[in-house]
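Chemist: below: sequence and its predicted model.
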Amino acid sequence: MAITIETQDEHEAIIPDERFDFESVGPFRSCYESLTTVKNNTVAVDFRNTRYIDSSALGMLINAKTYFSDKGIKVKLINANDQIKKIFSISRFDKKFEIL
Amino acid sequence: MSLNNEPIESLKILVADDSATDRLILETIVSKAGHVPVGASDGKEAVEAYQREAPDLVLLDVLMPNMGGIEAAKIIRELAKEDVVPIIFLTALNDIQSLVECLESGGDDFIPKPYNQTVLGSKIKAFGRLRRMHRTLLQQKEQIEANNLHLIQEQTVAKQVFDKIAHTGCLNLGNIRHYMSPLAVFNGDILVSEMSPNGSMVVMLGDFTGHGLPAAIGSMPLATTFYGMVRKGFSIPDILREINQKLNEILPVGFFCCAICVDINFKERRLKVWNGGLPEGFLYRLKDDEYELLPSKHLPLGVLSNQSFNGDCDTFQLEEGDRMFMWSDGAFEARNDDGEMYGEERLHNILYQNKGQSDIFDKILSNVQQHIGSSEKDDDMSLVEIEMRDVDIVASVDHLNEKRQGSLADWYMNFDLPETSLREFDPLPLLMNIISEVPGLRAHRTPLYTVLAELYTNALEHGVLGLSSQLKSTPDGFAKYYETRADRLQSLTKGKVSFSLEHFADEKGGLLVIRVKDSGEGFDINRKSKEKGLDAGKVVTIEENDDFFGRGLQLISNLSQKLTLFEPGNEVEVQYRWDIEE
């Protein structure tokens, strides 16, 4: 389960793998906790490679948001496919995150 | 091989001479050379001996009582038919006219008397060689004839099998016209059509690369997959994806199938088109009296791996009287006697010059055939016209509803996972495989996967492993929760999750009822219900969004129609309703 970090034009991006589920809990957390500098004070979780997320993914995202908001850093969710967007909207994540 | 070293083959040689002395001399020479002589004292005896002994070579004296050598030679020639039996005349004659007569009667050579042993030996050798060569040729010819016969028989059988598999489907409906030249079939063109259970007509025209058997062979998996899946109600993208994968797996590199696939729903008057590599189709719009083009937007079937394959279709709204034309490029490539191709331009000209006329199909056909003229070798054209009309369709849909009974419609299954399986085995792919066998449900795979995955997660984590969601309220607890999950799963000694799936089909679609029960203690539904202001009771139904039940249950209840929890909280039922026309 490889989760990678990439500095993109506007922000720091965390890129989960094809499946973003309970097996990603540890790797995802150590990944965002390893970020020391954050471009534009914005972290984007980039779902361009991701086909499937489960409910634990939602928990991970909430945890990440809480972690970063203490540091004044915003979390965005980008490049999610339609199915993942649907799960976000069911969970009312559109009220908690900026989803692009 | 040098001639001197050629192996000595023992020949049977007929020696016909009325002089006993001469005959004895000849027979001795023949025997010494390693051959077997057969004697005859006149022409009549020679013919009889030929019929009886079937010698390899015949030595004939010209002048003999009863029947002369020349007449005997004619008869032996006739009897020998295709078999080459060299006839050598033995003669003391030396006038040119007699020698010519000898050769014209069927003789191959002559040897003057008295005999020279060396000359005679060489001639026998030479004719033996000639005979051997002829025999080899004859054998090869027979072999080729036998092979050819065999091939024709095989092709006849192949054609019968092919016709059974790639039968005409619903091509006999009044609104389709089609032409496929016989040559086109074995040049890899294929036309299949079938009504789907929801009343759509699905037609596919394909053109395999290459010619002959290699091109035709891919038609088999294409046709069986097509008919199997259309009848079960799978959508075009699903069908194309399946065919693409099959062809990608079985065809050698460089072999693929250009195809156009259309799905016409006559009730909704909707056309869906997928074109991969075939010439653009023409859609005639009656209202505007114009054509809309349906160009190829995809790579042919069998080229891409299924990951990169794109089965997206273009959708058009149809009106009565709209017509669509499609053809394989065999139409362009039809050549006349001078080798000139018919070409795309000529075809398009006919379409535009005869716009809106009902006999365009015949005009194209006769025009192409006129172009080809007598050089019919290049006729491998396939041409299809489909008209948007309401006739005949209803009847065939009725007969299709009968067919639908054969597909997976009403079924029930139980699936129990004991602790050994829970530790190692992911049950979801298996369940999804079964669900995908219900044609209509296949399109709902993604939400169903989420529903099943969340149900299983809850049953396993909260039920079997006894993990509490409370743990997840802090980031550290969240991590701890999943660590504990892994630990407890590895050391699990007792536990069970049971799935029960039940499916009911009706004319509009179907209902899938999923029940998941775990071996855990459950939880206090009543307490949770009270906190949320729900009526306390044995059964709690969640139909609204409900933050309280955790994100998993929230997802499930939103993706399905009904979610019910059963006392003591270790059993859940989800109802998932689906409709044929999404």
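Modeler: That came in fine, so what should we check first?

Chemist: from now on I want contacts and neighbour counts done on CA atoms only, so please keep to that.
Modeler: OK.

Chemist: which residues are in contact with the lengthiest helix in chain A?
Modeler: When chain A is scanned for its longest helix (criterion: DSSP state H), the result is helix A:55-69. Contact with helix A:55-69 is made by A:20-22, A:24-25, A:28-29, A:32, A:74-75, B:454, B:474-475, B:478, B:551-552, B:555, as judged by C-alpha atoms under 8 Å, 6 or more residues apart in numbering or on different chains.

Chemist: which of these count as buried?
Modeler: Among those, those scoring as buried are A:20-22, A:24-25, A:28-29, A:32, A:74-75, B:454, B:475, B:478, B:551-552, B:555 (criterion: 16 or more other C-alpha atoms under 10 Å in any protein chain shown).

Chemist: of the residues you listed, which pair is most distant in space?
Modeler: With distances taken as C-alpha to C-alpha, the most widely separated pair in these is A:K74 and B:E454, at 28.7 Å.

Chemist: poorly predicted segments of chain A, please.
Modeler: Within chain A, the ranges that satisfy pLDDT under 70 run A:1.

Chemist: list the contacts of the residue nearest to A:K74 when sequence neighbours are not counted.
Modeler: Among residues not flanking A:K74 along the chain, A:T42 sits closest, at 4.8 Å (C-alpha to C-alpha, 6 or more residues apart in numbering or on different chains). Residues in contact with A:T42 (C-alpha under 8 Å, 6+ apart) are A:E10, A:H11, A:E12, A:I73, A:K74, A:V75, A:K76.

Chemist: again, only this time at 7 Å
Modeler: A:H11, A:E12, A:I73, A:K74, A:V75 (C-alpha atoms under 7 Å, 6 or more residues apart in numbering or on different chains).

Chemist: quick revisit: ok, so of the buried ones among the contacts of helix A:55-69, who is nearest B:Y291?
Modeler: In terms of C-alpha to C-alpha, no member of those lies closer to B:Y291 than B:L555, at 46.7 Å.

Chemist: thought that closest one was touching A:F88?
Modeler: No. Distance between B:L555 and A:F88: 9.4 Å, which falls outside the contact criterion (C-alpha atoms under 7 Å).

Chemist: tell me the secondary structure at the residue nearest the centre of chain A.
Modeler: Most central residue of chain A, judged by C-alpha distance to the mean C-alpha position with C-alpha atoms, centre = their mean, is A:V45 at 3.2 Å. Here A:V45 takes the strand state, with states given by DSSP: H, G, I helix; E, B strand; the rest coil.

Chemist: so what's the residue count around B:H348?
Modeler: By other C-alpha atoms under 10 Å in any protein chain shown, 13 other residues sit near B:H348.

Chemist: off-centre distance for the helix or strand hosting it?
Modeler: B:H348 belongs to helix B:343-353 when assigned by DSSP states H and E. Centre-to-centre, helix B:343-353 and its host chain are 32 Å apart (C-alpha atoms, centre = their mean, to the nearest Å).

Chemist: related to what we said a few turns ago, the helix or strand that the longest helix of chain A is followed by: partners in the sheet, and parallel or antiparallel?
Modeler: Later in the chain than helix A:55-69, the nearest helix or strand by DSSP H and E is strand A:74-78. Its sheet considered, strand A:74-78 pairs with strand A:42-46 (parallel), strand A:98-99 (parallel) by DSSP bridges.

Chemist: list phi and psi for the closest residue to chain A within chain B.
Modeler: In chain B, the residue found nearest to chain A is B:G552; the distance is 5.2 Å by C-alpha to the nearest C-alpha. As for B:G552, its main-chain torsions (degrees, to the nearest 10) stand at phi -60, psi -50.

Chemist: and what of the one 3 residues further on?
Modeler: Comment: the main-chain dihedrals of B:L555 come out as phi -60, psi -50, following degrees, to the nearest 10.

Chemist: excluding its backbone neighbours, what's nearest it?
Modeler: Among residues not flanking B:L555 along the chain, A:I90 sits closest, at 6.4 Å (C-alpha to C-alpha, 6+ apart).

Chemist: thinking again about what came up before, quick check: buried residues in the next helix-or-strand element following the helix holding B:H348?
Modeler: Next in sequence after helix B:343-353, counting helices and strands by DSSP H and E, comes helix B:360-372. Of the residues in helix B:360-372, those buried by neighbour count under the rule 16+ other C-alpha under 10 Å are B:I360, B:F361, B:K363, B:I364, B:L365, B:N367, B:V368, B:Q369, B:H371, B:I372.

Chemist: cool, and stretch B:290-301?
Modeler: The neighbour-count criterion (16+ other C-alpha under 10 Å) identifies B:Y291, B:L294, B:P295, B:S296, B:K297, B:H298, B:L299, B:P300, B:L301 as the buried residues of stretch B:290-301.

Chemist: and stretch A:89-96, by the same measure?
Modeler: By 16+ other C-alpha under 10 Å, the buried positions in stretch A:89-96 come out as A:I90, A:S91, A:F93.

Chemist: out of the strands paired with strand A:74-78, flag the one nearest B:L103.
Modeler: Across these (criterion: C-alpha to C-alpha), the nearest stretch is strand A:42-46, sitting at 96.7 Å.

Chemist: how many degrees apart are that closest one and helix A:55-69 in direction?
Modeler: For the pair strand A:42-46 and helix A:55-69, the angle between their directions (axes from the mean of the first three to the mean of the last three C-alpha atoms, to 10 degrees) equals 170 degrees.

Chemist: how about B:S219, what does it touch?
Modeler: B:S219 is in contact with B:I190, counting by C-alpha under 7 Å, 6+ apart.

Chemist: got it, and B:S10?
Modeler: Neighbour list for B:S10: B:G34, B:H35, B:V36 [criterion: C-alpha under 7 Å, 6+ apart].

Chemist: and B:Q97, which helix or strand is it part of?
Modeler: Per DSSP H and E: B:Q97 is located in helix B:96-104.

Chemist: count the neighbours of the residue of chain A found nearest chain B for me.
Modeler: Checking chain A residue by residue against chain B with C-alpha to the nearest C-alpha singles out A:S55 as nearest, at 5.2 Å. A count of nearby residues for A:S55, using other C-alpha under 10 Å, gives 24.

Chemist: residues from chain A in reach of chain B?
Modeler: Contact residues, chain A versus chain B (C-alpha under 7 Å from any C-alpha of the partner chain): A:V25, A:G26, A:D54, A:S55, A:N63, A:I87, A:I90, A:S91.

Chemist: and the gap between the first one and A:T37?
Modeler: With the distance defined as C-alpha to C-alpha, to the nearest Å, A:V25 ends up 22 Å from A:T37.

Chemist: what do you get for the last one?
Modeler: Computed with C-alpha to C-alpha, the distance linking A:S91 and A:T37 is 30 Å.

Chemist: what do you get for the fourth one?
Modeler: A:S55 sits at a distance of 29 Å from A:T37 (criterion: C-alpha to C-alpha).

Chemist: how about the third one?
Modeler: Distance from A:D54 to A:T37, counting by C-alpha to C-alpha: 29 Å.

Chemist: higher neighbour count, these two?
Modeler: Comparing A:D54 with A:T37 by neighbour count (other C-alpha under 10 Å), the higher total belongs to A:D54, at 22 against 8.
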